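A.B. asks: coords please:
(chains A and B)
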Amino acid sequence: KKNMLDFFILGLFISPGSAVNTPVRRPVTRRSKSYGRSCVEPPSLFWQTPGHLTTLGHRIPTSRRAAKSHNITEKVDPEQVALLLDGEWKLSYVTPLFLFRHTQLKLYSKRLAAFIIAEKQQGVAVEVGLEAGFRVSFSAVLGMAETEEDAETISSRPVFGADGSKPVWQGWLTCVNGDPEYLRSLPPDFTSLPLFCSRGAESLSALVKSWFQRTFDCSFGALGLSSSTLHWLAALWTGCHPAAGIRYLKLGWTMPTQPPLDIEYSVDPQDAWELWNSVHKEDGADERISVDEVQSFINGLETHFFRHFKIYLSSGTLTKVSTALGSAHHHGKIKVITINSDYISTVLTLLTECALLKTPV
Amino acid sequence: MDEQARSILQRIIKKTPSKRLETIIRSWNCLSEDQLHSLNYSQPKWLFLENLVSRCEVRLFNGNVTKTEIKLYKNHIHNPNQGTWHACQLFQAEDDALSVHFTQFRESFIAHLEDVVQHVSVGMKKLEDGAIWVRIAWGDNFRKPNHLKPTYLVHYLQSSYVFIHNVTPKHRPFLYQALVLATRHVSIKECHLSSRSLTAMRDLLMKQYQQVVFLVLNIFPNTDPNIEREHAESSEGRHQMACEAFGCGVLPKLETAVYKLETRYRGNSNNTLNDGDELFRGVVKFSSKNILESLRHCVSTGMAEGPVTPLLSSITQKGRNYFVITDKVSGATASQTPAPKA
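C.D. replies: Residues are numbered from 1 along each chain as shown, chains lettered A, B, ... in the order given. This next block holds a predicted model:
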């Protein structure tokens, strides 16, 4: 039996202003881990090989729930979701946090602020905007842990705009639909929030990461998006076309020629959807998308391209995918438009999994 | 000094490196020696501009300023921030087209343009390489010619190509008409070739790049000589194909090519879409510092399958970089690559 728990994102919010920490508005309750079976489908074959042993070993799901079946807005304040996701984020993975306590967010805010000040005084370059003091806030956005195993995510929008000042830096950590066996296998004092998204000055990102590393004995790494991840996103977004209107499906490759050649293929949205529809079988209530369908879809596009230009796109690298609903880049950047937050859960599940796959043992 | 002239002057001063400023201003011949000496070239440029403006006579300036801008423009023709050039071709030359020379062209062009557009300001300059640069500032009944947004036009007499930069749809017909009449042709058509680099387009259309075939040496590790020979043969074959399609040696620096696809779906053959009549629409854009070299490399390394599709070789063979691809009406089979149509 699955409990649709609250959406939970650990967020971090650095804004200019007085060096006073804003108290966390929402009460945070920690869900205790239970060790019952979760309802996430056990994977049967692997289709993605990380190439080295990672936290997920070789168990990767071959199918995912489709975008439509999640209505986040039913569970959480849509404004929070929108604030959370608007704009472009840089992705990293992070190893489990040791002795992280959801009840200590206020303390963490103070400590991080103090750390940043100390580093600044030591001459670590920090962008403008923090000269006149600044405010650090941690917060929890409740509402998106999908299973009992997911730790609650803590979000970056504590006061949700009430203070009026724009943040100079934002970030959030989350775990959505994380592999249950892995999560269960963590020692008791560890919390896994493997997906870290940030936006703002690189220098602040570096400071934040550094503080996390010291405080929770974790480490961060760059999270690039493999072509299979980009393929999933292309299929997911295309599938949303009837509901949300993707306006275009653009795929970008880079060919390793001298000089390098960029190829951008922009497909008419209706035609892309027809192609997707022809390979994807709708099967009732719990609609799943299988990896075979995604591959068929992409192969269709690549073959159509090949018949015209005789160029093997597979000899290049798929670097980006975009639609009006979002874009993703293979260097680890993602942008999600919150016109329709229905598919956020699926996207975050996918990204959480990418993060877990990348996280070294 | 009026706003426009000042803006142009400002633009020139901003773009010119400080060490060349003195030479340029001196060449305008509108300041006395004393005035020239009193200028301080190490000042920040905005201050320098003020000092210059306070010393100058407007009248003498305008002509020189526009000529200088042409010169600067020419020196910056590789600058990617200069916007896009479009190529056009003149057709059906009259008997006396070949004998048109610069002065005749200039008088005729200006006369015809002034016939149809009130308040237009035209500057023209012939450069050493034979290119005629034309700078047109457009006005109308209510406004003086706008020198801040001039149209540039480059034409090589005795060739049929014209390169145009920054003309509005409203003014284009007037420009075309004046061109056709002044060059003694009957019609003009767009070439579907556009680029930020004027030189690339010119070289591509006027085939001014090397057609020399050069030998390619491949060095393989010590393996079976038969394998080596086979590799060498197929690799040479690919190189040959690549050179035939795109040219050899240094290729013009074209940066983009765009294909609008309006063909039926040609993906996996067991898909129901293959049976339909509907189009699978899309746009493919190739971009690179030099797409011709990149594409040639694709072919020579096997990233592209031979024989080279006419869609790609048409860039050099036909001198264009915008194509609309439709299915051939008769005799088309599922596996046949459609030919590019205008």
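A.B. asks: how many neighbours does residue A:292 have?
C.D. replies: For residue A:292, the tally of surrounding residues (other CB atoms under 10 Å in any protein chain shown) stands at 13. C-betas here are computed from N, CA, C, even on glycine.
A.B. asks: one more: the one 5 residues further on?
C.D. replies: Using other CB under 10 Å, residue A:297 has 25 neighbouring residues.
A.B. asks: who are the packing partners of the host helix or strand of it?
C.D. replies: Assigned by DSSP states H and E, residue A:297 falls within helix A:291-309. Contact analysis of helix A:291-309 by 3 or more CB pairs under 8 Å, 6 or more residues apart in numbering or on different chains; DSSP states H and E lists helix A:227-239, strand A:261-267, helix A:269-279, strand B:256-264, strand B:279-287, helix B:310-318 as its packing neighbours.
A.B. asks: buried residues of that helix, list them for me.
C.D. replies: Neighbour counts over helix A:291-309 (16 or more other CB atoms under 10 Å in any protein chain shown) mark A:291, A:293-294, A:296-309 as buried.
A.B. asks: on that earlier part again, ok, and which of the helices and strands packed on helix A:291-309 has the densest surroundings?
C.D. replies: Of all the helices and strands packed on helix A:291-309, helix A:227-239 has the most neighbours on average by mean count of other CB atoms under 10 Å in any protein chain shown, namely a mean of 24.
A.B. asks: residue contacts, the residue nearest to residue B:42 when sequence neighbours are not counted?
C.D. replies: Nearest residue to residue B:42, sequence neighbours excluded (CB to CB, 6 or more residues apart in numbering or on different chains): residue B:18, at 7.2 Å. If a contact means CB atoms under 8 Å, 6 or more residues apart in numbering or on different chains, then residue B:18 has B:41, B:42, B:45 as its contacts.
A.B. asks: helices - which of those land there?
C.D. replies: residue B:45 (DSSP state H).
A.B. asks: quick one, strands of the stretch 51-200 of chain B?
C.D. replies: For the stretch 51-200 of chain B, applying DSSP state E, counting those that start in this stretch gives strands covering B:85-93, B:120-126, B:131-138, B:151-156, B:161-165, B:185-195.
A.B. asks: just to revisit the earlier point, buried only: go through the contacts of residue B:18 for me.
C.D. replies: Looking at the contacts of residue B:18 with 16+ other CB under 10 Å, none of them turns out to be buried.
A.B. asks: about what we covered before: among the strands of the stretch 51-200 of chain B, which is nearest chain A?
C.D. replies: Closest to chain A of the strands of the stretch 51-200 of chain B, according to CB to the nearest CB: strand B:185-195, at 15.4 Å.
A.B. asks: that closest one pairs with which strands, and in what direction?
C.D. replies: Counting by DSSP bridges, the strands paired with strand B:185-195 are strand B:85-93 (antiparallel).
A.B. asks: show me where pLDDT drops low in the chain?
C.D. replies: Since no chain was named, I'll use chain A. A:1-13, A:15-85, A:124-133, A:140-165, A:283-287, A:338-342, A:361 (pLDDT under 70).
A.B. asks: try chain B instead
C.D. replies: For chain B (pLDDT under 70), the answer is B:1-5, B:28-30, B:56-82, B:208-223, B:269, B:329-342.
A.B. asks: how does it look with 80?
C.D. replies: Applying pLDDT under 80 to chain B flags residues B:1-32, B:34-36, B:46, B:51-83, B:147-148, B:158, B:207-232, B:267-276, B:328-342.
A.B. asks: okay, domains of it per the record?
C.D. replies: B:3-78, B:85-206, B:226-267+B:277-326 (the TED database).
A.B. asks: can I get those in a markdown table with distance to residue A:123?
C.D. replies: Shown next, in a markdown table, are these (distance: least, CB to CB, whole Å):
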| stretch | distance to residue A:123 |
| --- | --- |
| domain B:3-78 | 31 |
| domain B:85-206 | 43 |
| domain B:226-267+B:277-326 | 39 |
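A.B. asks: ranking the ones you listed by burial, who's on top?
C.D. replies: domain B:226-267+B:277-326 (a mean of 19).
A.B. asks: now that domain: how far from the chain's centre is it?
C.D. replies: 21 Å (CA atoms, centre = their mean, to the nearest Å).
A.B. asks: stretch B:154-162 now?
C.D. replies: So, by CA atoms, centre = their mean, the centroid of stretch B:154-162 is 13 Å from its chain's centroid.
A.B. asks: what's the span of it from first residue to last?
C.D. replies: Start-to-end span of stretch B:154-162 (CA to CA, to the nearest Å) is 6 Å.
A.B. asks: flag every residue of the stretch 151-300 of chain B that's near chain A.
C.D. replies: B:259, B:261, B:263, B:265-268, B:271-273, B:278-291, B:293-295, B:297-298 (CB under 8 Å from any CB of the partner chain).
A.B. asks: now with 7 Å?
C.D. replies: The stretch 151-300 of chain B comes close to chain A at residues B:261, B:265-268, B:271-273, B:280-291, B:293-294, B:297-298, as judged by CB under 7 Å from any CB of the partner chain.
A.B. asks: now the helices for the stretch 151-300 of chain B?
C.D. replies: B:172-182, B:198-205, B:225-246, B:291-301 (DSSP state H, counting those that start in this stretch).
A.B. asks: list the helices and strands the second one packs on?
C.D. replies: Identification of packing neighbours for helix B:198-205 by 3 or more CB pairs under 7 Å, 6 or more residues apart in numbering or on different chains; DSSP states H and E yields strand B:85-93, strand B:161-165, strand B:185-195.
A.B. asks: ok, 8 Å please
C.D. replies: strand B:85-93, strand B:151-156, strand B:161-165, strand B:185-195.
A.B. asks: just put those strands in JSON lines and tack on distance to residue B:252.
C.D. replies: Formatted as JSON lines, these follow (distance: least, CB to CB, whole Å):
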{"stretch": "strand B:85-93", "distance to residue B:252": "12"}
{"stretch": "strand B:151-156", "distance to residue B:252": "15"}
{"stretch": "strand B:161-165", "distance to residue B:252": "13"}
{"stretch": "strand B:185-195", "distance to residue B:252": "9"}
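A.B. asks: residue B:190 reaches residue B:161, doesn't it?
C.D. replies: No - under the criterion of CB atoms under 8 Å, residue B:190 is not in contact with residue B:161, lying 11.4 Å apart.
A.B. asks: isn't residue B:105 right up against residue B:182?
C.D. replies: Yes - shown here, residue B:105 and residue B:182 form a contact pair, counting by CB under 8 Å, at 5.2 Å.
A.B. asks: ok, back up a step: and the angle from the helix holding residue A:297 to helix A:269-279?
C.D. replies: Counting by axes from the mean of the first three to the mean of the last three CA atoms, to 10 degrees, helix A:291-309 lies at 130 degrees to helix A:269-279.
A.B. asks: hey, C-alpha coordinates of helix A:291-309 in CSV?
C.D. replies: Taking C-alpha atoms only, helix A:291-309 is exported to CSV below (Å, rounded to 0.1, in the frame of the first residue of the first chain):
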residue,chain,number,x,y,z
VAL,A,291,12.2,2.1,-22.6
ASP,A,292,11.5,0.3,-25.8
GLU,A,293,8.9,2.8,-26.7
VAL,A,294,11.3,5.7,-26.0
GLN,A,295,13.9,4.0,-28.1
SER,A,296,11.5,3.4,-31.0
PHE,A,297,10.5,7.0,-30.9
ILE,A,298,14.0,8.3,-31.0
ASN,A,299,15.0,5.8,-33.7
GLY,A,300,12.1,7.0,-35.8
LEU,A,301,13.4,10.5,-35.7
GLU,A,302,17.0,9.6,-36.3
THR,A,303,16.1,7.3,-39.2
HIS,A,304,13.9,10.0,-40.8
PHE,A,305,16.8,12.3,-40.5
PHE,A,306,19.2,9.7,-41.9
ARG,A,307,17.1,9.1,-45.0
HIS,A,308,17.5,12.7,-45.9
PHE,A,309,21.0,13.6,-44.9
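A.B. asks: no further questions, thank you.
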